[in-house]
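Enquirer: A predicted structure for the sequence below; I have some questions about it.
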Amino acid sequence: MMLLAISMHTATTLSLVFMWLPVCIGQCQGNKSAAEVKRNLEDSMKYCIAECLNLRNKITDKTCLFKTTTGKLKGCDVGVPDRKIKFKVICKFDDDYDISVLVREKGQPLCDILILPVAMFNKETNLMEMQPDRWDKWIPTFEIAKGLGIKLTVRIGAWNEWIMHPRDFTKVAKNEQVKTKFAQGVVNLVKIYDLDGITISWMWPRCPQGNCIEDVDRKTVASFVRALAVPLKEMGKVVIYHMTGVYIDTIMAAGDYFSDIVDIIDYFYFETNYQSGDWSAKTDFNFNLKQTKDVMKELTFKIKRSQEFKRKVLITVEPLAFNYELSDPNVTKLGAFFVKNTQMKKTLHMPEWCMRTKDPVYQLVKNAEKQNYAFKPHNLFIFDDQDSLTAKINFVMEFGAGVGMHSLVPDDMNGVCGCGRMPYLRHVVNILKMNCEPIPCF
């Protein structure tokens, strides 16, 4: 924000007043000359062309990386997020690594909320208990995150015994006395460890793994979630509900409990990652945008309070790519059958798939509205470029609350792709929060 008055006493006198301008130091590297800027006075006044071109005593010969058609600066790394932006980025922080990769050059965090796997269900006490071995290694991360303004939530639940099995959720939820004790224990855990809230990950009936709960109904689910959430909301804490978003019958297995809890849930962390290879023998994709759009459309009709629900949805994305050995080398398209017991690596992190997309032996098929993939004989893998990732983000921005990063580890932590560190996550933040146009890179 600044008020800048410029006066130039030359044959072509130029007097401009620039008001409410964002900072753009470092953007003068590109393709817009001072003369061109003069011909676009409206754009010039709205954005920071004067500072960018250093227009004070004379028109310089510097050029500015600026797109007048959108009014956005090209390049996002030196910018500052728009504080008015409502969208959030929630990151599942399942692995131990340096939190510095989640911080921009100017100190802004890339994630607004972290989900931490630091507590575990004790079957004897029916309580969530902090695991010292996990917590001790998280203390430095905790302190840095707090200093950056990142909120920390403890994860309650998982697909298996690692945190809390779905069967244990059912046992607690169906016993009023145990439920009350469990909920109070979660409140105490949050207080003692100065956490900012919880993420409830109660995985659903009829899930493809076959190990999920089968005997819960709408009333049981809503009552249990409210028992956990209400006291935390009264304390001003964040409550996230982590849900699978792949199959409509799984989402709605217990009926429209969403309408019963939407008032006390801050965000619905909508997991759209399709784990092909574990659930079927056909190639599919991490995030089929068309399928996700269809699911959200159907939920609009099945959830009574769907508009409130959708405003709180965060759709997950992930830089992990599935990699397949094809059963028939002549069938090289999505939906083709693959070898389940292959010796080929089944998943690729971003440094691996971004390098493969540059290898001429692979043929690239790009479809931002569905899913990109690449193939050669016997091999197919899926991937995101900036266009396909932008399409996913733009979709949730039409109605929802932001994006969830289902896993941070597959991102390019060391800049191997040539796009800097964590380019996938940075692109998510740039599209959601920055008034800029990311420079194409991956």
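Expert: That came in fine, so what should we check first? Just so it is clear, the structure is predicted and the values come from calculations on it, not from any experiment. Residues are numbered from 1 along each chain as shown.

Enquirer: rest of the way, CA atoms for contacts and neighbours
Expert: Will do.

Enquirer: how about low-confidence regions in the stretch 51-200 of the chain?
Expert: 51-75, 77-84, 94-98, 105-107 (pLDDT under 70).

Enquirer: quick one: the strands in it, in order.
Expert: Per DSSP state E, counting those that start in this stretch, the stretch 51-200 of the chain carries strands over the ranges 66-67, 72-74, 88-92, 113-116, 119-122, 127-130, 151-156, 197-200.

Enquirer: other residues contacting the third one?
Expert: Surrounding strand 88-92, the residues in contact under the criterion Cα atoms under 8 Å, 6 or more residues apart in numbering are 110-116, 314, 401-408, 429, 432.

Enquirer: let's go with 7 Å and repeat that
Expert: With contacts defined as Cα atoms under 7 Å, 6 or more residues apart in numbering, strand 88-92 is touched by 111-116, 401-407.

Enquirer: can you tell me which of those residues lies nearest to residue 348?
Expert: residue 407 (12.7 Å; Cα to Cα).

Enquirer: how much space between that closest one and residue 260?
Expert: Plainly put, residue 407 is 29 Å away from residue 260 if you go by Cα to Cα, to the nearest Å.

Enquirer: which residues are contacting the strand or helix carrying residue 392?
Expert: For residue 392, the enclosing helix or strand under DSSP states H and E is helix 386-397. Residues external to helix 386-397 that are found in contact with it (Cα under 7 Å, 6+ apart): 289, 315, 368, 369, 402, 431, 442.

Enquirer: return the set of buried residues in stretch 253-272.
Expert: By neighbour count on 16 or more other Cα atoms under 10 Å, the buried set for stretch 253-272 is 253-258, 260-262, 264-272.

Enquirer: stretch 143-155 too?
Expert: Neighbour-count burial for stretch 143-155 flags 145, 148, 150, 151, 152, 153, 154, 155 (criterion: 16+ other Cα under 10 Å).

Enquirer: which ones are touching the second one?
Expert: Contacts were defined as Cα under 7 Å, 6+ apart; by that measure residue 148 touches residue 109.

Enquirer: thinking again about what came up before, which pair in the buried residues of stretch 143-155 spans the largest distance?
Expert: Checking the buried residues of stretch 143-155 with Cα to Cα, the most distant pair is 148 and 155, at 20.5 Å.

Enquirer: got the buried residues of stretch 143-155 as a markdown table, with distance to residue 182 columns?
Expert: Below are the buried residues of stretch 143-155 laid out as a markdown table (distance: Cα to Cα, whole Å):
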| residue | distance to residue 182 |
| --- | --- |
| 145 | 27 |
| 148 | 31 |
| 150 | 26 |
| 151 | 23 |
| 152 | 20 |
| 153 | 17 |
| 154 | 14 |
| 155 | 14 |
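
Enquirer: from those, pick the one nearest residue 178.
Expert: Residue 178 lies nearest to residue 155 out of the buried residues of stretch 143-155, by Cα to Cα, at 19.2 Å.

Enquirer: show me the contacts for the closest one.
Expert: So residue 155 contacts 115, 116, 117, 198, 199, 200, 201 (Cα under 7 Å, 6+ apart).

Enquirer: repeat that with 6 Å
Expert: 115, 116, 117, 198, 199 (Cα atoms under 6 Å, 6 or more residues apart in numbering).

Enquirer: with distance to residue 127 and neighbour count as added columns, please give the residues you listed in TSV.
Expert: Output for the contacts of residue 155, formatted as TSV (distance: Cα to Cα, whole Å; neighbours: other Cα atoms under 10 Å):
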residue	distance to residue 127	neighbour count
115	19	21
116	17	22
117	15	24
198	14	25
199	16	25
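
Enquirer: and those residues, which is closest to residue 217?
Expert: Looking across those and measuring by Cα to Cα, the closest to residue 217 is residue 199, at 20.7 Å.

Enquirer: residue contacts, the closest one?
Expert: Shown in contact with residue 199 (Cα under 6 Å, 6+ apart): 155, 156, 239, 240, 241.

Enquirer: neighbouring contacts of the strand or helix carrying residue 270?
Expert: Assigned by DSSP H and E, residue 270 falls within strand 267-271. Residues from elsewhere that reach strand 267-271, judged by Cα under 6 Å, 6+ apart: 240, 241, 242, 243, 244, 245, 312, 313, 314, 315, 316.

Enquirer: now do the SS call for the fourth one.
Expert: At residue 243, secondary structure determined by DSSP: H, G, I helix; E, B strand; the rest coil is strand.

Enquirer: find the nearest non-adjacent residue to it, please.
Expert: residue 270 (5.3 Å; Cα to Cα, 6 or more residues apart in numbering).

Enquirer: the one you found pairs with what?
Expert: With DSSP bridges as the criterion, residue 270 is bridged to residue 243, residue 315.

Enquirer: could you measure from it over to residue 403?
Expert: Taken as Cα to Cα, the span from residue 270 to residue 403 is 9 Å.

Enquirer: overlap in contacts, the two.
Expert: Common neighbours of residue 270 and residue 403 (Cα under 6 Å, 6+ apart) are 314, 315.

Enquirer: just to revisit the earlier point, what's the average pLDDT for the strand holding residue 270?
Expert: Confidence for strand 267-271, expressed as mean pLDDT, is 90.

Enquirer: mind giving me the domain ranges of this structure?
Expert: The chain is divided into the following domains under automatic domain parsing: 3-74, 88-315+384-437.

Enquirer: angle of the strand holding residue 270 against strand 88-92?
Expert: 60 degrees (axes from the mean of the first three to the mean of the last three Cα atoms, to 10 degrees).

Enquirer: which is the next helix or strand following strand 267-271?
Expert: Counting by DSSP H and E, the next helix or strand C-terminal to strand 267-271 is helix 289-302.

Enquirer: buried residues, the next helix or strand after that following helix. List them.
Expert: Using DSSP H and E, the helix or strand that follows helix 289-302 towards the C-terminus is helix 306-311. For helix 306-311, the neighbour count (16+ other Cα under 10 Å) marks 306, 308, 309, 310, 311 as buried.

Enquirer: please apply the same query to stretch 174-187.
Expert: Buried, per 16+ other Cα under 10 Å, within stretch 174-187: 174, 178, 179, 182, 183, 184, 185, 186, 187.

Enquirer: what's the farthest-apart pair in the residues you listed?
Expert: 174 and 187 (19.4 Å).

Enquirer: residue 194 versus residue 143, what's the distance?
Expert: In terms of Cα to Cα, residue 143 sits 11 Å off from residue 194.

Enquirer: do residue 185 as well
Expert: Using Cα to Cα, residue 185 is found at 14 Å from residue 194.

Enquirer: residues contacting residue 224?
Expert: Residue 224 touches residue 173, counting by Cα under 6 Å, 6+ apart.
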